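Peer 1: need a structure here:
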Amino acid sequence: MTIGPQDDILPHINLMRQTSVVVFVLTVFFASPALPQSKTPAKKTTAKKSSAKKGRSSAKTVSRAPVVARQASPTPERYKQIQQALADKGYLKSEPSGVWDAESSAALAQFQNDRKLTATGKLTSASLIALGLGPSTAKTATSAEAAAPAAPASAN
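Peer 2: Numbers count the residues shown, from 1 in each chain. Below you'll find the predicted structure:
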């Protein structure tokens, strides 16, 4: 078998094909929208293109996909507040622990049922409002304190 000029180029062509595949895979991987997004708000950034002419540049605006905000789970302190409210109303028989368990869920479901709410045993805004907790008890306490008149000074 004779070796011609075409046989010398075959390894180079194969290397170019492999490199092309790797570049394609990396491009698809880094451009994929399925990757987890950061939790920072969407920002518009500008990328400047350099121009052959001196002193001129054009700005290109790039928009990022908006990040979907999720509601955070209540803290153990918040669970304890909710359990205390259920206990104060006679629905929870155990001591508030700050851990949302089956007993807490059953107590909430009974409370929801008695209040003609959808009895799921899951925390909802309607359930929290009916318990007197609303979105946050800290805001309510602060605004109530601010609205209360100051005690009169005693004259001696």
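
Peer 1: I'd like to know which elements the longest helix seen in the chain is packed against.
Peer 2: Determined from DSSP state H, the single longest helix within the chain is helix 5-31. Of the remaining helices and strands, none touches helix 5-31 by 3 or more CB pairs under 8 Å, 6 or more residues apart in numbering; DSSP states H and E. From N, CA and C alone the C-beta is placed, and that goes for glycine too.

Peer 1: What mean pLDDT does that helix get?
Peer 2: For helix 5-31, mean pLDDT rounds to 73.

Peer 1: Buried ones in stretch 76-87, by neighbour count?
Peer 2: 78-87 (16 or more other CB atoms under 10 Å).

Peer 1: Would you mind writing the CA trace of it as CSV?
Peer 2: Below are the C-alpha coordinates for stretch 76-87, written out as CSV (Å, rounded to 0.1, in the frame of the first residue of the first chain):
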residue,chain,number,x,y,z
PRO,A,76,-38.7,27.4,63.7
GLU,A,77,-39.6,30.6,65.7
ARG,A,78,-42.4,31.3,63.2
TYR,A,79,-43.7,27.7,63.6
LYS,A,80,-43.6,28.1,67.3
GLN,A,81,-45.7,31.3,67.1
ILE,A,82,-48.2,29.5,64.9
GLN,A,83,-48.3,26.5,67.3
GLN,A,84,-48.7,28.8,70.2
ALA,A,85,-51.7,30.5,68.5
LEU,A,86,-53.2,27.1,67.8
ALA,A,87,-52.6,26.0,71.5
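
Peer 1: Would you mind pulling the contact partners of that stretch?
Peer 2: Here stretch 76-87 makes contact (CB atoms under 8 Å, 6 or more residues apart in numbering) with 74, 92-100, 104, 107-108, 111, 123, 128, 131-133, 137.
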